[in-house]
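Asks: let's see this in three dimensions:
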Amino acid sequence: MVFTKREKTIIAATIAVLCLLVLDVYVLTPLLTERAAVKANMEQRVAELDTAGSLLQRRRLLGPKWHGMLAGGMKRDPTEAESQLLRSLRDWSAEVGVKLSLRPERSTAKSELPEIIVHATGTGSMAAVSRLLWRVETAVIPVKVKMLQLGSRKDGTDDLSLHLRVSTLYCPPEAASAQQAARGRPAGGGDQ
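Replies: Have a look, this model is predicted:
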C-alpha cells in the first residue's frame, strides 16, 4: 500500500502525538508528581530543621538559667518551695519597709512544674513598693508576679495599698527523675 504525502504526514503526526501521550502518561506526569512530593517533603524537613535549630538555640540560652534556678533555689518538695517563697517575701518586705500579710495557695493542676501561689496584701510608700517589686523580679529563686494591684489609701499621700499575687515553681521528684532519665543520668545525681 502506497501512502500519499498527506497520509504520511497524518500518520507521522498521529504517531508523534501518541508518543507524546505515552511519554506524558508514563514519564512526565509521574516525574512532575514526584518532584512536587519531593519539594513538599523538602520544605517540611527544612521547617523541622528550623524548629529544631531554634529549640537547640533556646536550650543553649535557657540551659544555664535553668541550672542556676535549680542550684539557686528550685526545690523538689512543695512545702520547702512554699516556705522559701514566704521567707523571701517576708525578708524583702522587711528590708524595703512594706508591711505584708501573706496567704499561700497550692495549685491543684497536674503539670511537670507545678506552682505555688502566694497572695500578699500590704501597705507602703511608692519607693518601698517599687523596691519590693525589684527584689521579686531580680530574685535568684524562681518567682513570678502573676497579678499586681496598687491603690492609694489616702488621697494626696504617699501611702499605697498593695495586692500582689506571686508564684513559685517546684520540681516534683517524678519530673526530676524523668528529666534526668531523658538525659541519661541516674535519678539521684547531678543537678542540685
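Asks: tell me the secondary structure for the closest residue to Met126 other than its chain neighbours?
Replies: Residue nearest to Met126 in three dimensions, not counting chain neighbours: Asp158, with 5.6 Å by C-beta to C-beta, 6 or more residues apart in numbering. C-betas here are computed from N, CA, C, even on glycine. Three-state assignment for Asp158 (DSSP: H, G, I helix; E, B strand; the rest coil): coil.
Asks: mind listing what Asp158 touches?
Replies: Residues near Asp158 by C-beta atoms under 8 Å, 6 or more residues apart in numbering: Ser125, Met126, Ala127.
Asks: mind checking what helix or strand follows the longest helix anywhere in the chain in sequence?
Replies: Ranked by residue count and defined by DSSP state H, the top helix of the chain is helix 29-72. Remark: after helix 29-72, the chain's next helix or strand is helix 78-96, criterion DSSP states H and E.
Asks: the helix or strand following that next one - contacts with which helices or strands?
Replies: As assigned by DSSP H and E, the chain's next helix or strand after helix 78-96 is strand 99-106. Judged by 3 or more C-beta pairs under 8 Å, 6 or more residues apart in numbering; DSSP states H and E, strand 99-106 is in contact with helix 78-96, strand 115-124.
Asks: got the contact list for the last one?
Replies: The contact list for strand 115-124, computed with C-beta under 8 Å, 6+ apart, reads 78, 81-82, 85-86, 89, 93, 96-107, 132, 146, 153, 159-170.
Asks: equivalent analysis for the first one, please.
Replies: Applying C-beta under 8 Å, 6+ apart, the set of residues contacting helix 78-96 from outside is 73-75, 99-100, 102, 104, 106, 114, 116, 118, 120, 122, 124, 128-129, 131-132, 135-136, 139, 141, 143, 166, 168-170, 172.
Asks: what angle sits between it and strand 115-124?
Replies: If you take axes from the mean of the first three to the mean of the last three C-alpha atoms, to 10 degrees, helix 78-96 sits at 20 degrees to strand 115-124.
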